[in-house]
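Peer 1: Sharing a model prediction with you, sequence too.
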Amino acid sequence: ERVGTDMARKAGVKAAVHNESVSGYKTADLLTQLESHNAKALLATSDLAIVTIGANDFDLDTMVGQCAHSDTSCIADDVNGVTDRVRTILERVKAAMKTPRAPVVVPRYWDGPDYVKVTDMITEAFNANVKKIAHEVGAVYVDFRTPFRGADGTRDDTALLTDDGDHPSEQGHKVLAEAV
């Protein structure tokens, strides 16, 4: 909600902001949610949709255990499966939006919670796929990693995250609003 509210304030317009996210949702859950009457009605009148999905699909404990001493081929099937569903989500969101030229924004994620080799591999592979998909379906790809981690990826982003080390804090939401 913070991103939409800040964007409207800066543009000097009144906006109704709806956050339809559900904590813990995976891509399959969002695909089901997009079939609901409520989601279709909201999207039909939306001027902007921000779709942040995919991170919960990865079983990091299992993947770190299996792929810690491997290359990206170890994570490829998981990443490709999730990004295939992200493609479907973006296509459905765009199709449901009736406002001409209304943007659909999809972010580049910052990193996994532990910044270990496997989470870095997943993040980079996922981001590369999502960037390509965004371009192909006409969505706007926004870099959320650089504002969080810096251009070289080494900035400490602790203050921008909640205690779980994964979700944006109030300050993190301000940074995301600026990025969009």
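Peer 2: In hand now; what should we look at? Please read these numbers as outputs of a predicted model, since none were measured by experiment.
Peer 1: For residue 45, which residues are in contact?
Peer 2: 98-99 (C-beta atoms under 8 Å, 6 or more residues apart in numbering). Yep, even glycine has a C-beta here, placed from its N, CA and C like the rest.
Peer 1: Can you check the pLDDT for it?
Peer 2: At residue 45, the model reports a pLDDT of 94.
Peer 1: Can you list phi and psi of it for me?
Peer 2: Note on residue 45: its backbone torsions stand at phi -110, psi 10 [degrees, to the nearest 10].
Peer 1: What helices and strands are in contact with the helix or strand harbouring residue 128?
Peer 2: Assigned by DSSP states H and E, residue 128 falls within helix 117-137. Helices and strands touching helix 117-137, by 3 or more C-beta pairs under 8 Å, 6 or more residues apart in numbering; DSSP states H and E, are helix 60-67, helix 76-96, strand 104-108, strand 140-143.
Peer 1: Also compute the angle for the lowest-mean-pLDDT helix or strand in the chain relative to strand 104-108, please.
Peer 2: Across the helices and strands of the chain, mean confidence by mean pLDDT, DSSP states H and E is lowest for helix 2-11: a mean of 77. Orientation note: helix 2-11 sits at an angle of 120 degrees relative to strand 104-108 (axes from the mean of the first three to the mean of the last three C-alpha atoms, to 10 degrees).
Peer 1: helix, strand or coil for the closest residue to residue 159 other than its chain neighbours?
Peer 2: Spatial nearest neighbour of residue 159, excluding adjacent residues (C-beta to C-beta, 6 or more residues apart in numbering): residue 171 at 5.8 Å. Remark: residue 171 carries the secondary structure label helix [criterion: DSSP: H, G, I helix; E, B strand; the rest coil].
Peer 1: How about the secondary structure of the residue lying farthest from the centre of the chain?
Peer 2: When each C-alpha in the chain is compared with the mean C-alpha position (C-alpha atoms, centre = their mean), residue 69 comes out farthest, at 27.2 Å. Put simply, residue 69 is coil when judged by three-state DSSP.
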